[in-house]
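Trainee: The following block contains a protein sequence and its predicted model.
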Amino acid sequence: MKNMGPIDELLSMLPGAGKMKGLKNVQIDEKQLDHVEAIIRSMTKHERSNPEVLNASRRKRIAKGSGRSIQEVNRLLKQFDDMKKLMKQMSGQMKGKKKGFGLPFF
């Protein structure tokens, strides 16, 4: 696995990322990113905006179009859903704190 400096720096700037275990020494695999990109590019705009519409036949088409397995497509969608839940949880924690603590996008 190759360490990607700019992505590592970006992850370190996320609010609350310092508290997340394992994020400090994360390794990003460029090959895995290429696979994710292929899967996403095989989706239509509507599917990217609304992943809940991805039924079995659409997942099969995406897998075939990206050259990946259906399991890999399912894994990516599960990871996306997990990340969405995490971001929602983090934003809920941020609402309770005072706004304007040095980050321009809050």
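Mentor: Arrived safely, thanks for sending.
Trainee: Which parts of this protein are helices?
Mentor: Assigned by DSSP state H, the chain shows helices spanning 5-12, 30-41, 45-49, 56-66, 70-95.
Trainee: for the record, mean pLDDT for the last one?
Mentor: To tie it back to what came earlier, the one meant is helix 70-95. For helix 70-95, mean pLDDT rounds to 89.
Trainee: got the buried residues for that helix?
Mentor: Using 16 or more other C-beta atoms under 10 Å as the test for burial, helix 70-95 gives E72, V73, L76, L77. Just so you know, the C-beta spots here come from the backbone N, C-alpha and C atoms, and that holds for glycine as well.
Trainee: Save those residues as JSON lines, and put in distance to A56 too.
Mentor: Below are the buried residues of helix 70-95 laid out as JSON lines (distance: C-beta to C-beta, whole Å):
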{"residue": "E72", "distance to A56": "15"}
{"residue": "V73", "distance to A56": "10"}
{"residue": "L76", "distance to A56": "15"}
{"residue": "L77", "distance to A56": "12"}
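Trainee: Which one of the residues you listed is nearest to N50?
Mentor: Proximity of those to N50 (C-beta to C-beta) peaks at L77, which lies at 11.9 Å.
Trainee: Does the closest one touch P51 like I think?
Mentor: Yes. Between L77 and P51 a contact is recorded at 5.9 Å, counting by C-beta atoms under 8 Å.
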